[in-house]
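Asks: got a predicted model here, sequence first, then my questions.
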Amino acid sequence: QVQLVESGGGLVQAGGSLRLSCAASGRTFSNYAMGWFRQAPGKEREFVAAISWSGSSTNYADSVKGRFTISRNNAKNTVDLQMNSLKPEDTAVYYCAAGLNIATMEGGMYNYYWGQGTQVTVSS
């Protein structure tokens with residue numbers, strides 16, 4: 001089992017920045033690719049970003065490329081999502097996940113563990 005706990009959500013004005021963090025405990029963190037997903041009200045959960053177990057490869061949704069950056073620290077068992085130039089359409093609950101690899105995570109498959117989520121609200 002891997003337990004994931006997100007933090008760092010909040011209310012920010014459009015154009016602002018937030019940094020989300022996910023702390024992992026349990027089984028070996030570095031065995032897993034890690035990712036961030038989000039779910040807006042009335043919409044399905046969607047992929048945001050993923051990072052390989054080593055941190056050497058990343059994937060991003062087109063909607064966040066150039067604005068969001070995912071990173072991980074295997075020594076501290078954490079994965080972060082730096083979000084810049086935020087837009088109202090980024091408003092959602094953001095979830096951290098641990099999965100097989102960055103390709104399958106982007107495809108919505110083999111995501112083994114999930115956090116409880118943290119709310120991000122971007123005001124216009």
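Replies: Alright, I've got the coordinates.
Asks: shaky segments in this protein?
Replies: In the prediction, the chain carries no residues with pLDDT under 70.
Asks: any idea which residue sits dead centre in it?
Replies: Closest to where the C-alpha atoms of the chain average out (Cα atoms, centre = their mean) is Trp36, at 2.0 Å.
Asks: can you map out the helices along this protein?
Replies: 102-106 (DSSP state H).
Asks: in it, which spans are strands?
Replies: Using DSSP state E, the strands of the chain run over 2-7, 10-13, 18-26, 33-39, 46-51, 58-60, 68-73, 78-83, 92-99, 111-114, 118-123.
Asks: which of the ones you listed is buried the deepest?
Replies: strand 33-39 (a mean of 25; mean count of other Cβ atoms under 10 Å). Where C-beta positions appear, they are placed from N, C-alpha and C, glycine not excepted.
Asks: what's in contact with it?
Replies: With contact meaning Cβ atoms under 8 Å, 6 or more residues apart in numbering, strand 33-39 is reached by 20, 22, 24, 45-53, 70, 72, 79, 81, 90, 92-102, 104-106, 111, 117, 120.
Asks: and if you look at stretch 47-65?
Replies: Against stretch 47-65 from outside (Cβ under 8 Å, 6+ apart): 30-38, 46, 68-72, 74, 79, 81, 83, 89-90, 94, 99, 101-103, 105-106, 108.
Asks: before we move on, what about stretch 66-78?
Replies: Here stretch 66-78 has contacts from 21-25, 29-30, 34-36, 48-51, 53, 55, 58, 60, 79-86, using Cβ under 8 Å, 6+ apart.
Asks: if we use 6 Å, what do you get?
Replies: Contacts to stretch 66-78, defined as Cβ atoms under 6 Å, 6 or more residues apart in numbering, come from residues 21, 23-24, 29-30, 34, 49, 51, 55, 58, 79-85.
Asks: how about stretch 4-16?
Replies: 18-24, 86-88, 96, 113, 115, 118-124.
Asks: stretch 95-106 too?
Replies: In contact with stretch 95-106 (Cβ under 6 Å, 6+ apart) are residues 2, 4, 6, 22, 32-35, 37, 47, 50, 52, 57, 59, 110-115, 117.
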